[in-house]
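Engineer: structure for this input, please:
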Amino acid sequence: MMDPNHLNYHGQLEDNKNKNALKWAFIFITSFMLVEVVGGLITNSLALLSDAGHMLTDSLSLGFSLFAIIIGQKEANSKKTYGYRRIEIFAALLNGMTLIGIAIIIVIEAIHRITKPPEIASMGMLIVAVIGLLVNIAVALILNKGNEDNLNVRSAFLHVLGDMLGSVGAITAAILILLFGWKLADPIASMIVAIVISTSGFRVVRESFNIFMEAAPKELSTLMIKEKLLTIEEVQEVADLHLWMITSDYPSFTCHVIVSQDADEQVVLRKIQKMLHDDFSLHHMTIQIEKRNNLQSL
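Structural biologist: Here you go, the predicted structure:
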């Protein structure tokens, strides 16, 4: 089984990498959000204002995600034996819900603007949207350096992808208005972006909820793990098997294994630990081993 100290050191490196990525993403997004708000107000563009509103939620969610990473690095104690890492899942859940919320607001305002299209300064809208796209690409590259298996970082990344789509939608709408005077392009582009970001939001909320419910990782099958354990010669029965997520990148495993009377329990334990580590990438596990004759004598 892998050395716990090595796992802790590796986890700290991942946390620091995620923290740096979120910190710089927060600085970039917050700075440009202010620029986009001013640009949207000056040009009277819903596409820009909706993207700015989305970037505001991004700024808040990135800040909360960064705070969650910092708190999550606190050491475990006698009261919180797993430490504070699960606060990252709360941050991811909040991010997913804000994605859905901002999408609903955008759709409502877009419907209003379809009935009464306002005048839009398309050239100013185009300039701000292009700058926004470049900023979002830079932030996406920064977040891509974090751990993609971390749901907190992934939810922040989805926020930024939504921003990129918002910028693309605003650019497209600005060009259509500039060339053809089609004012409906602005609210329609906003609605398309809203649908995309709400889909991402629902996905993050679902994954966060599954972790709160201590569901097994979607890429691991408890049935497959049980069948694999039964292939070990000394193992006769596997019971009370539980697999759940502490955080998005921290699965835990427990089971009760019954072995033959003449089996060496320590040898079997090492075989199980090696199999779970090598075949299923499980590191945090608790295995209870009992011999068949001991159970029969109870």
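Engineer: so the closest residue to Val128 other than its chain neighbours is in which element?
Structural biologist: Nearest non-adjacent residue to Val128, counting by Cβ to Cβ, 6 or more residues apart in numbering: Gly39, 3.5 Å away. (C-beta placed from N, C-alpha, C; glycine too.) Using DSSP states H and E, Gly39 maps to helix 4-43.
Engineer: ok, now Pro251?
Structural biologist: strand 250-259.
Engineer: can you check what pLDDT the model gives the residue nearest to Val128?
Structural biologist: pLDDT recorded at Gly39 is 73.
Engineer: what's the neighbour count on it?
Structural biologist: 24 (other Cβ atoms under 10 Å).
Engineer: rewinding a little: what is the strand holding Pro251 packed up against?
Structural biologist: helix 222-229, strand 235-247, helix 265-280, strand 284-291, helix 292-296 (3 or more Cβ pairs under 8 Å, 6 or more residues apart in numbering; DSSP states H and E).
Engineer: average pLDDT for that strand?
Structural biologist: Mean pLDDT, strand 250-259: 90.
Engineer: between it and helix 265-280, how big is the angle?
Structural biologist: With axes from the mean of the first three to the mean of the last three Cα atoms, to 10 degrees defining the directions, strand 250-259 sits at 140 degrees from helix 265-280.
Engineer: which parts of strand 250-259 count as buried, going by neighbours?
Structural biologist: By neighbour count with 16 or more other Cβ atoms under 10 Å, strand 250-259 contains the buried residues Tyr250, Pro251, Ser252, Phe253, Cys255, Val257, Ile258, Val259.
Engineer: what's next to that strand, contact-wise?
Structural biologist: Strand 250-259 is contacted by residues 85, 216-217, 220, 225-226, 229, 234-246, 265, 268, 272, 276, 282, 284-292, 295 when judged by Cβ atoms under 8 Å, 6 or more residues apart in numbering.
Engineer: out of these, which are buried?
Structural biologist: Buried subset of these (neighbour count, 16+ other Cβ under 10 Å): 85, 216-217, 225-226, 229, 234-235, 238, 241, 243-246, 268, 272, 276, 282, 284-285, 287, 289, 291.
Engineer: pretty sure the residue nearest to Val128 sits against Leu126.
Structural biologist: No - under the criterion of Cβ atoms under 8 Å, Gly39 makes no contact with Leu126, lying 10.2 Å away.
Engineer: helices and strands of the chain: which one bottoms out on pLDDT?
Structural biologist: The least trusted helix or strand in the chain, going by mean pLDDT, DSSP states H and E, turns out to be helix 292-296, with a mean of 56.
Engineer: list the contacts of Ala76.
Structural biologist: When contacts are counted by Cβ under 8 Å, 6+ apart, Ala76 touches Tyr82, Gly83.
Engineer: helix, strand or coil for it?
Structural biologist: What DSSP: H, G, I helix; E, B strand; the rest coil gives for Ala76 is coil.
Engineer: okay, now the unreliable bits of the stretch 151-298 of the chain?
Structural biologist: Low-confidence regions of the stretch 151-298 of the chain, defined by pLDDT under 70, span residues 151-152, 293-298.
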